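K.L.:
Just a sequence and a predicted model for now, questions to come.
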Amino acid sequence: MKLLSQTLLSLVLLTFIPALSVAQLRRPVSDEPPDPAVEERLNKLSRELRCLVCQNETLADSRADLAEDLRDEIRGQIRAGKSDQEIVAFLTQRYGDFILYRPPVRPKTYLLWFGPFILLLGGLAILFRYVKRRRDSIEEVPLSAADRRRAEELLRASSRKETV
């Protein structure tokens, strides 16, 4: 009986382990009220930065935990009196140009900026060459007298059916 109760207790505890491992800790809520000037600067800055987790969202739009941590970091730097340029420089030094939602045009990012246009022009050139070769490979053969008579008969028969 004792073995059965221990086994049952073990099974019950094992069923709760996945639920406990999924649970997340809530972020501590700050007691100080948000400063409107800080929040406005934070919003402006976070619209220019990319979420490193979501990648297609700005830092302002993302709800990822890392995005929240980065917003807290930016808030702290704003309160410390750093300028927007200093904050962006800090983040790009730490995370690279990838954190910028609109990366600068540099030799390192030429492929990012001009690659789609190069692919488009290359695709158009290939399409143009294909169409030209296809057009050149088609030979125009004039209709023979028998083919012409047959086509005229078909057209007359077709026009008679439409008038009836």
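P.N.:
Received the coordinates, thanks.

K.L.:
domains of this protein?
P.N.:
Domain assignment of the chain by automatic domain parsing yields the ranges 31-104, 105-138.

K.L.:
Need the winner for burial among these.
P.N.:
domain 31-104 (a mean of 14; mean count of other CB atoms under 10 Å). Backbone N, C-alpha and C define where each C-beta goes, glycine included.

K.L.:
Now do stretch 64-79, average pLDDT.
P.N.:
Averaged across stretch 64-79, the pLDDT comes to 91.

K.L.:
from the chain's centre, how far out does it sit?
P.N.:
Centroid separation between stretch 64-79 and its chain, computed with CA atoms, centre = their mean, to the nearest Å, is 23 Å.

K.L.:
Now do it: everything it contacts.
P.N.:
27, 35, 38, 41-42, 45-46, 49, 51-54, 59, 86-87, 90-91 (CB atoms under 8 Å, 6 or more residues apart in numbering).

K.L.:
Now do the helices in this structure.
P.N.:
2-22, 36-46, 65-79, 84-95, 110-137, 145-163 (DSSP state H).
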